[in-house]
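1. Predicted model follows, preceded by the sequence.
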Amino acid sequence: MNITKKDIDALNALVTVEISKEDYSEKVEKVLNDYRKNANIPGFRKGHVPMGMVKKQYGKAVMVEEVNKLLQENLHKYLTEEKLDVLGNPLPKNEDDINWEAGDFAFEFELGLAPEFDVDVKKKAVTQYKVVADKEMIDNQVTTIRKQYGKLVSKKEVAKGDEITGTFTASEKELEQKTTFELDAIKGKKQLTALTGAKVGDAVVLKTKGLFKDEHDNQKHLGASHDDAHGLDIEVTLTVEEVNTREMAEMNQELFDKLFGEGIVTNEDQLKEKIKEDAERQFEQQSDQKLLNDVVESLIDSTKFDLPSEFLTRWIQVSGEEKLTEEQAKEEFERSEKGLRYQLIEGKLRAENNLQVTFDELKDYSKGMIKGQMAQFGQMNPTDEEVDGIVARIMSNQEEVQRLSEQLNTNKILQFFKENAKLKTKEITYEKFIKEAYA
């Protein structure tokens, strides 16, 4: 057997695998002998079928199968030993021209080669958002908490700040939805006027256009479909069934202990600091995801290299369950090109900076995650035996291992970008972050 490679250009090559009769004949003979021993052919005792008959009936099929096995094994071995960084899989070039009656064969395969390139994570500056909880947000959260832990007091008539429970109906859209909402959620002035002063048992007719501050509430409170919720303009009737107001909980030690545990928070300033810390910890997850997305886009844009586009398009055309047309394959390549470029960039960064996930790192990551989850349910000091037992169960589940590996891989590359990319930090409120980052 002989395998040779001819470079077409920097991104394309042709590999030729030459297989002679001596390479496969012994294996073919062995398989045919096994067939002869076990063949059931009328007129012959088992194991006494003439070899000539066995060869005539099975010889070509066995030879083709054994040659293909030899071909695939040695082609894969060659690519591995030569450390060829190929994209996609080798594409057979002359398979339709093979003469299976000949004793010797030469198989040709086209290769798409990964490009050579350098990655500079400091080439282009990327904004890293530090999202802060401002005074207004913290005060609003304090109010929400006090309402949540406060006392619900029944009333007979609707006034500012009250909660209304009732049923919305509309024959035009076949709506009938029981719901509870705050009067403060109402946007339209005429609707506010109609609801203020309404009594339990009243049926109030309202226009839905501009009824709620958020049009998605048409879906939540009226029961409208997602498509109907936007721009809904009909009349609905609200039958008022309950009116309640909330007396806010007092800012005292009892409330602080309910929220954070006994004695952890002892005054309003500490409460607000806790709220700020918790909020900004959650904001950090969103800003991290934004940073990761932006660095990825920046690297794709600034890292220039060519791809074996024609090869990859042909590979896409034939590699799926159903063969695509040339036009479909081109469209699929265009859709996937950006992702492929980043896979190559990320692969190079991981290889050059030792960012691969090890088994021990995965176990440690799993332990930390488990301890965090147990702490949420009040188990602050689990034993090593308890944690190790759960880790063992997780590590035996392939899907869980895959999921955790992806999380840890993402964390590693994100941390690498934080430490090495060219970043400019921008402090911003959450409201402005949403407007600026996702405009």
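-> The structure has been received and is ready for your questions.

2. Residues touching the longest strand along the chain, excluding its own?
-> When every strand of the chain is counted residue by residue (DSSP state E), the longest turns out to be strand 235-247. With contact meaning CB atoms under 8 Å, 6 or more residues apart in numbering, strand 235-247 is reached by 147, 150-159, 161-170, 172, 175, 178, 180, 195, 198-208, 222. Backbone N, C-alpha and C define where each C-beta goes, glycine included.

3. among those, which ones are buried?
-> Buried members of the contacts of strand 235-247, scored by 16 or more other CB atoms under 10 Å, are 147, 158, 162-164, 166-170, 175, 195, 198, 200, 202, 204, 206, 208, 222.

4. Report all helices and strands that whichever helix or strand comes after the longest strand of the chain contacts.
-> Elements were assigned by DSSP states H and E; along the chain past strand 235-247, the next helix or strand is helix 253-260. Contact here means 3 or more CB pairs under 8 Å, 6 or more residues apart in numbering; DSSP states H and E; on that basis helix 253-260 packs against helix 135-148, helix 268-302.

5. Helices along this structure, start to end?
-> With DSSP state H, the ranges of helices along the chain come out as 21-38, 51-81, 135-148, 189-195, 217-222, 226-229, 253-260, 268-302, 309-319, 326-352, 359-376, 384-395, 398-420, 430-437.

6. which regions of the stretch 51-200 of the chain lie under the pLDDT threshold?
-> Regions of the stretch 51-200 of the chain meeting the criterion pLDDT under 70 are absent.

7. per-residue confidence at T429?
-> Confidence at T429, expressed as pLDDT, is 94.

8. Equivalent analysis for K432, please.
-> On the pLDDT scale, K432 is placed at 93.

9. what's near enough to touch it?
-> Per CB under 8 Å, 6+ apart, neighbours of K432: none.

10. Same check on S225?
-> By CB under 8 Å, 6+ apart, the contact set of S225 is Q219.

11. Look up how far S171 lies from it.
-> 16 Å (CB to CB, to the nearest Å).

12. next one: F333
-> Distance, F333 to S171, by CB to CB: 53 Å.

13. ok, now A392?
-> Between A392 and S171 the distance is 60 Å, computed by CB to CB.

14. same check, this time on K60
-> Between K60 and S171 the computed distance is 76 Å (CB to CB).

15. Check E326 too.
-> As defined by CB to CB, E326 lies at a distance of 55 Å from S171.

16. and what of V131?
-> Plainly put, V131 is 46 Å away from S171 if you go by CB to CB.

17. related to what we said a few turns ago, F333 and S171: which has the busier surroundings?
-> Neighbour tally, F333 and S171, criterion other CB atoms under 10 Å: the higher count belongs to F333, 19 against 11.

18. Contacts only, for the more buried one.
-> Going by CB under 8 Å, 6+ apart, F333 touches S309, L312, T313, I316.

19. Please check these and keep the buried ones.
-> The neighbour-count test (16+ other CB under 10 Å) marks L312, T313, I316 as buried among the contacts of F333.

20. close enough to count as contact, the second one and A329?
-> To tie it back to what came earlier, the one meant is T313. Yes - look at T313 against A329 with CB atoms under 8 Å: they come within range, at 4.9 Å.

21. okay, now E110: neighbour count?
-> By the criterion of other CB under 10 Å, E110 has 19 neighbours.

22. where does the residue nearest to D23 when sequence neighbours are not counted land on pLDDT?
-> In space, and not counting its chain neighbours, D23 is closest to M1: 4.9 Å by CB to CB, 6 or more residues apart in numbering. Listed pLDDT for M1 reads 90.

23. again with K5
-> 96.

24. Quick check: it touching L14?
-> Yes - K5 lies in contact with L14 (CB under 8 Å); the separation is 7.2 Å.

25. Return every residue with contacts to both of those two.
-> With CB under 8 Å, 6+ apart as the test, K5 and L14 both reach L111.

26. Next, format the helices of the chain as TSV and append distance to V126.
-> Putting the helices of the chain into TSV (distance: least, CB to CB, whole Å) gives the following:
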stretch	distance to V126
helix 21-38	55
helix 51-81	36
helix 135-148	26
helix 189-195	45
helix 217-222	37
helix 226-229	35
helix 253-260	36
helix 268-302	5
helix 309-319	28
helix 326-352	14
helix 359-376	26
helix 384-395	34
helix 398-420	8
helix 430-437	12
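
27. Among those helices, which comes closest to D96?
-> Among these, the nearest to D96 by CB to CB is helix 309-319 (13.0 Å).

28. between that closest one and helix 326-352, how many degrees?
-> 110 degrees (axes from the mean of the first three to the mean of the last three CA atoms, to 10 degrees).

29. Lovely, talk soon.
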